[in-house]
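**Student:** Below are the sequence and a predicted model; questions follow.
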Amino acid sequence: MRIAILTPTFNYHSGIDRVVQLQAEDYVKKGHKVTVIALEAKIKPNNYDVVELGMPKTSFVQRLYRLFFFIDNKRLGYYKKLKNYDMVISHFYPMNWIAYLARRKYNIKYIYFNHGINITGLLNNVWQRIYMKLFSFFTNITLKNVDEAYSVSKYLKDDLKKVSGLDSKVVYNKIDKKRFNQKVKGNKIKKKYNLKNNKVLLYVGRIAPHKGIHLLLKSFNIVKKQIPNLKLLIVGKPTFNNYFKKLKKTANKDVIFTGFVPDENLPYYYAACDVYVTASLWEGFNLPAVEAQACGKPVVAFKIGAHEEIVKKGILTEKGNVKEFSESVIKLLGKH
């Protein structure tokens with residue numbers, strides 16, 4: 001069977017990128033011919049094809065481009081090249097447009113994986129709220145001819161039903177347990193950042209406002225008063241530059257921003273920490289929290305989104321309650 005998998009990026013930068021990679025490899029192992037189609041792609045596998053359509057490089061223009069992708073007739077027209085495919089899988093807007101048109105024109109089976117389309121309640125900026133309203137509106141148009149829909153959590157299943165009326169089955173994101181497990185050692189990371197005599201907190205993910213990094217920094221300052229040898233590693237690519245600059249200005253000297261870390265190195269970062277922390281205000285799944293637990297690390301997170309489904313080892317606290325969050329971190333550090 002010929003399968004096209006559509007995703008905005010295929011770069012190791014997000015959890016969705018890693019999910020798509022595992023999905024493609026699973027289909028290849030089953031004997032299918034797979035093509036991953038993305039606007040931007042740096043992952044170059046040997047056993048399946050990757051097509052990079054291209055998009056603007058600056059973040060502001062890129063966001064506008066993604067929102068109004070349907071006016072780019074050249075890239076939108078790529079659906080015509082899917083004529084001889086048996087199935088098209090879309091993981092996120094705006095790639096749904098290509099799947100939508102391929103289904104309408106060639107009757108190709110269209111499968112949609114729901115990673116979340118409705119986070120407007122988190123946004124304080126009026127323009128951001130307008131953006132996300134349009135994002136949800138356009139996404140719903142592209143879902144009108146879906147054959148099968150899957151949500152990566154029960155939380156997202158309910159949300160999709162509420163927002164679009166579309167029923168979906170729950171399929172939790174997979175992780176590579178050969179790489180993320182308790183046998184992995186973090187000695188190289190501890191040596192690299194001089195953490196030999198420190199307690200270590202870790203966050204992995206995008207540096208964006210809804211990820212609550214500012215709350216994480218507040219909590220770190222509280223916990224450090226109790227545990228002076230504490231360090232915080234923040235692993236991830238800044239996607240909102242002004243937000244990142246503010247974080248850098250307010251961060252304690254013992255907060256280390258590592259920048260982007262290649263996917264193959266992430267297990268060693270999990271292994272190097274004592275507690276995995278995330279103050280994210282919205283999560284449809286939260287792949288890093290699952291990866292951290294697979295490496296034997298407890299998680300402290302807010303009781304939001306899919307966290308009640310995926311956090312099995314750790315503590316969930318009231319959303320936005322930095323005091324309770326900090327107390328939970330101290331409690332878990334006392335056990336390590």
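**Tutor:** Cool, got the structure. Quick caveat, the model's predicted, so the values are computed rather than measured. Numbering: from 1, shown residues only.
**Student:** Surely residue 296 forms part of a strand?
**Tutor:** No. Read with DSSP: H, G, I helix; E, B strand; the rest coil, residue 296 is coil and lies in no strand.
**Student:** Could you find the closest non-adjacent residue to it?
**Tutor:** residue 182 (4.0 Å; Cβ to Cβ, 6 or more residues apart in numbering). To be clear about C-beta, it is placed using only N, CA and C from the backbone, and glycine gets the same treatment.
**Student:** what about that neighbour, neighbour count?
**Tutor:** Neighbour count of residue 182, defined by other Cβ atoms under 10 Å: 12.
**Student:** The one 3 residues further on now?
**Tutor:** Residues near residue 185, counting by other Cβ under 10 Å, number 12.
**Student:** buried ones in the helix or strand hosting residue 64?
**Tutor:** Using DSSP states H and E, residue 64 sits in helix 59-67. Across helix 59-67, burial judged by 16 or more other Cβ atoms under 10 Å covers 62, 65-66.
**Student:** tell me the average confidence for that helix?
**Tutor:** Averaged over helix 59-67, pLDDT sits at 90.
**Student:** Okay, now the sheet partners of the helix or strand where residue 36 lies, with direction.
**Tutor:** Using DSSP H and E, the element containing residue 36 is strand 33-41. Taking DSSP bridges as the criterion, strand 33-41 sits next to strand 2-10 (parallel), strand 49-52 (parallel) in its sheet.
**Student:** Name the surrounding residues that touch it.
**Tutor:** Residues outside strand 33-41 that contact it (Cβ atoms under 8 Å, 6 or more residues apart in numbering): 1-11, 20, 24, 27-28, 43, 48-55, 66, 75, 78, 85, 95, 98.
**Student:** Turn the buried ones among the residues you listed into a named PyMOL selection, would you?
**Tutor:** Selection command for PyMOL covering only the buried members of the contacts of strand 33-41, criterion 16+ other Cβ under 10 Å:
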select buried, resi 3+4+5+6+7+8+9+10+11+20+24+27+43+48+50+53+55+66+75+78+85+95+98
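**Student:** Where does residue 252 sit: helix, strand or coil?
**Tutor:** Going by three-state DSSP: residue 252 is coil.
**Student:** Contacts only, for it.
**Tutor:** 217, 220-221, 224, 232.
**Student:** quick one: which of the residues you listed sit in helices?
**Tutor:** Residues of those located in helices (DSSP state H): 217, 220-221, 224.
**Student:** Name the residues linked to residue 257 by a beta bridge.
**Tutor:** In this entry, residue 257 is beta-bridged to residue 234, by DSSP bridges.
**Student:** isn't residue 233 right up against residue 202?
**Tutor:** Yes. Assessed by Cβ atoms under 8 Å, residue 233 is found in contact with residue 202 at 4.9 Å.
**Student:** Tell me the pLDDT of residue 132.
**Tutor:** 87.
**Student:** sorry, that was for residue 117
**Tutor:** Looking at residue 117, its pLDDT stands at 86.
**Student:** So it: helix, strand or coil?
**Tutor:** At residue 117 the chain is in coil, as set by three-state DSSP.
**Student:** Check whether it really touches residue 93, as I assumed.
**Tutor:** Yes. Counting by Cβ under 8 Å, residue 93 is a contact partner of residue 117 at 7.0 Å.
**Student:** Helix or strand: which one has residue 163?
**Tutor:** Assigned by DSSP H and E, residue 163 falls in helix 154-164.
**Student:** Can you name every helix or strand that whatever helix or strand comes next after that helix contacts?
**Tutor:** Per DSSP H and E, helix 154-164 leads on to strand 169-170 as the next helix or strand towards the C-terminus. With contacts taken as 3 or more Cβ pairs under 8 Å, 6 or more residues apart in numbering; DSSP states H and E, strand 169-170 sits against strand 148-151, helix 154-164.
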